[in-house]
Every structure is written in C-alpha cells, then in structure tokens.
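# Just a sequence and a predicted model for now, questions to come.
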Amino acid sequence: MSEASARLELEQHRQSIDNIDAALIHMLAERFRQTQAVGELKARSGMPAADPNREARQITRLRELALSAKLDPDFAEKFLAFIIREVIRHHDSIAGRTPR
C-alpha cells in the first residue's frame with residue numbers, strides 16, 4: 001500500500017470516528033435530558049436520587065449488550081458507572097433545589 005493510499009484510508013477512518021464521537025455526544029445529551037426529568041420527578045416525589053436495584057439491572061444489561069457487540073464488558077461497565085455517578089450527582093443537586 002502506498003503512503004498516499006494509507007493516508008487516504010487513515011483520513012476516512014478518522015472521519016468515521018469524528019462522526020461517531022458527534023453521535024455519542026448527542027446521544028449522551030439526550031440521555032441526560034431524560035435523566036434530568038427523572039431527577040425532577042424523584043425530587044418532587046421525595047424519592048432517593050440513587051436506585052441500586054435499577055443500577056444493577058442496567059449494569060447486567062449493558063454487559064450483555066457489550067458482549068453481543070464484541071466490546072469489553074468491563075469497559076462498558078466502567079463507562080456506565082461514570083454516567084450513573086454523574087446522574088446521581090445531578091439528581092442530588094435537583095433534590096436540593098426542588099420543592100417537594
């Protein structure tokens with residue numbers, strides 16, 4: 001493979017990565033809009049910010065999805081754990097400012 005064709009192929013891969021990154025950001029933004037609504041509902045209803053049972057189900061589900069997608073399930077779990085921590089932090093913040 002010539003250097004020119006390798007560079008062209010590299011650029012195509014990078015463009016795909018950039019497109020996927022943009023899609024991920026938009027999907028995360030939508031996910032956080034939904035979890036914002038959940039946090040507001042929980043705060044109004046006096047429900048706790050965290051739901052360990054739901055989190056455990058989500059981890060199991062995501063690990064299974066990762067396996068079927070040929071993605072490291074440990075990576076998927078770490079990714080979800082980060083998102084869950086952020087969601088709980090937002091829910092705690094909402095609960096502190098939302099009247100019940």
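It's in.

# residue ranges with poor pLDDT in the protein?
97-100 (pLDDT under 70).

# Kindly recompute the last result at 50.
99-100 (pLDDT under 50).

# which helix of it spans the most residues?
helix 3-45 (DSSP state H).

# So which elements touch that helix?
helix 73-97 (3 or more C-beta pairs under 8 Å, 6 or more residues apart in numbering; DSSP states H and E). In this view, the C-beta of every residue, glycine as well, is placed from N, C-alpha and C.

# Look up phi and psi at L71.
phi -110, psi 140 (degrees, to the nearest 10).

# ugh, wrong one, I meant S2
According to degrees, to the nearest 10, S2 has phi -70, psi 160.

# ok, back up a step: now the angle from the helix or strand that comes right after the longest helix of the chain to helix 73-97?
Next in sequence after helix 3-45, counting helices and strands by DSSP states H and E, comes helix 52-68. Here the directions of helix 52-68 and helix 73-97 differ by 150 degrees (axes from the mean of the first three to the mean of the last three C-alpha atoms, to 10 degrees).

# contact partners of helix 52-68?
72-73, 75-77, 79-81, 84 (C-beta atoms under 8 Å, 6 or more residues apart in numbering).

# Now rank those residues by neighbours and give me the top one.
Greatest neighbour count in the contacts of helix 52-68, by other C-beta atoms under 10 Å, goes to A76: 19 neighbours.

# If we ignore the residues flanking it in sequence, what's nearest that one?
A66 (3.6 Å; C-beta to C-beta, 6 or more residues apart in numbering).

# same deal with D72?
Per C-beta to C-beta, 6+ apart, closest to D72 is A66, 6.7 Å.

# What count of nearby residues applies to that neighbour?
A66, neighbours per other C-beta under 10 Å, totals 18.

# Likewise for the one 3 residues further on?
Other residues within reach of A69, judged by other C-beta under 10 Å, total 9.

# Could you do I94 as well?
20.

# what residues are up against the closest residue to it other than its chain neighbours?
Using C-beta to C-beta, 6+ apart and skipping the chain neighbours, the partner closest in space to I94 is G39 (4.2 Å). Under the criterion of C-beta under 8 Å, 6+ apart, the neighbours of G39 are 49, 87, 90-91, 94-95.
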